[in-house]
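A.B. asks: My questions are about this predicted structure, shown below with the sequence.
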Amino acid sequence: ISKLAVLTSGGDAPGMNPCIRSIVRTAIYNGLEVVGIRRGYQGLIEDDMFPMGTRSVSNILNLGGTILKTARCLPFRTDEGQEIAYQNLKKRGIDALVVIGGDGTFTGALRFSKSYPDVAVMGVPGTIDNDLYGSTYTLGFDTATNTVIEAIDKIRDTADAHDRLFFIEVMGRDSGAIALRAGISCGAEAILLPEKETAIDDLIENLKSGQSKKKSSSIVIVAEGDKHGGAYDIAKLVEKQVKNYDIKVTILGHLQRGGSPSAFDRVLGSRLGFAAVNALIAGKTQMMVGLEANYIKITSLEEALTQHEFKLEEDLMKMAEILSI
Ligand code: F6P
């Protein structure tokens, strides 16, 4: 390969900037030209690209978001969109593409790579949801979880002062990864996840038992993808059946996606970016770089997408329940 392009796509995640920096500098170190693509696949289709040098990624390690910007791009799901994207890469002589994003990003990349195999493609898992097969951690998950626990600790202060019950909604349409880690970290009384249906009656029993044990406050973390609906819906269901609670709801929302990346995400972004470029130089394509047991692991995009399923971490759920008695 001689000329590499990089883009970020889907929901942004803290750690994307350290990863971009690593990709650009590793590529330049190895004698490659580098092009940045703005707004993910949207910029690829609109030919919104610019040359990147070592200084174009100076002082971005500490920045949240992505300097390349991102988008969720529908036209890239069509044959026409993919063809335009290919022509734009070809006319610039780009023969390798690194995509940083989640499963939607990888689905687009795999389809593109199958149609146009002369452009080598490498994926880097970047999503706060931590829901990709082939990497124990995805970029942004650690920072987002730390942001969430900082917020919940503050809510615990006021919940405790007023003897209140809080339902706190965290991100994760299909994944309870943030909810579970935050629940363990903040001692939540209950954690509701998309991977496991919790009966409302069991939740109420649990809260009543907390009251009888003189708990001054209760916190229920609800992942946005929970089957009962969002935190407001669940609070209403609980309110109907119990009268003696002072109930409040907080939706943490997009603040979870921002902020300076943690040390973990800076190192992870640097490692995955470095590995992605080296894998491309070694001739690999249609792959994803990940981290398993603290070692770089390379998984085919095909496998990453087909093995992808939401598994409940039963042992952690059980532990969280026991530790909050
Ligand atoms: O995939 C990351 C994520 O933050 C999910 O947790 C959430 O469901 C979704 O993106 C929100 O997407 P958007 O920012 O497009 O509303």
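C.D. replies: Cool, the structure landed.
A.B. asks: same for the one helix or strand in the chain whose mean pLDDT sits lowest, what does it pack against?
C.D. replies: Every helix and strand of the chain was ranked by mean pLDDT, DSSP states H and E. The lowest is helix 200-212, at a mean of 90. Packing contacts for helix 200-212, counted by 3 or more Cβ pairs under 8 Å, 6 or more residues apart in numbering; DSSP states H and E, involve strand 190-192, strand 218-223, helix 231-241. C-beta: built from backbone N, CA, C; applies to glycine.
A.B. asks: Check the secondary structure at the nearest residue to Arg181 once chain neighbours are set aside for me.
C.D. replies: Leaving out its chain neighbours, the residue that sits closest to Arg181 by Cβ to Cβ, 6 or more residues apart in numbering is Thr145, at 4.8 Å. Assigned state for Thr145: helix (three-state reduction, DSSP: H, G, I helix; E, B strand; the rest coil).
A.B. asks: Thr145 and the ligand, how far apart?
C.D. replies: 12 Å (Cβ to the nearest ligand atom, to the nearest Å).
A.B. asks: From the rest of the structure, what touches stretch 145-157?
C.D. replies: Stretch 145-157 has contacts (Cβ atoms under 8 Å, 6 or more residues apart in numbering) with 166, 168, 170, 178, 181-182, 185-186, 188, 217, 219, 221, 250, 252, 255-256, 258-259, 262.
A.B. asks: Also stretch 263-271?
C.D. replies: So stretch 263-271 is contacted by 14-19, 21-22, 61-62, 137, 139-143, 261, 291, 296 (Cβ under 8 Å, 6+ apart).
A.B. asks: Keep only those of these that are also close to the ligand.
C.D. replies: Among the contacts of stretch 263-271, no residue is within reach of the ligand (Cβ under 6 Å from any ligand atom).
A.B. asks: Contact partners for Val99?
C.D. replies: 6-9, 40, 105-106, 108-109, 121-124 are the contacts of Val99 under Cβ under 8 Å, 6+ apart.
A.B. asks: Up against the ligand, what does this protein have?
C.D. replies: Gly11, Gly102, Thr127, Ile128, Asp129, Met171, Gly172, Arg173, Glu224, Arg257.
A.B. asks: Run a quick neighbour tally on the third one.
C.D. replies: When counting by other Cβ atoms under 10 Å, one arrives at 26 neighbours for Thr127.
A.B. asks: Flag the least confident of the residues of the chain next to the ligand.
C.D. replies: Among those, Arg173 carries the lowest pLDDT, at 91.
A.B. asks: Tally up the residues packed near that residue, please.
C.D. replies: For Arg173, using other Cβ under 10 Å, the count is 11.
A.B. asks: ok, now how distant is the closest residue to it other than its chain neighbours from Ser175?
C.D. replies: Spatial nearest neighbour of Arg173, chain neighbours left out: Gly225 (4.5 Å); criterion: Cβ to Cβ, 6+ apart. From Gly225 across to Ser175, the span is 7 Å (Cβ to Cβ, to the nearest Å).
A.B. asks: Ala276 now?
C.D. replies: Going from Ala276 to Ser175 by Cβ to Cβ gives 23 Å.
A.B. asks: With neighbour numbers in mind, choose between these two.
C.D. replies: Ala276 (30 against 25).
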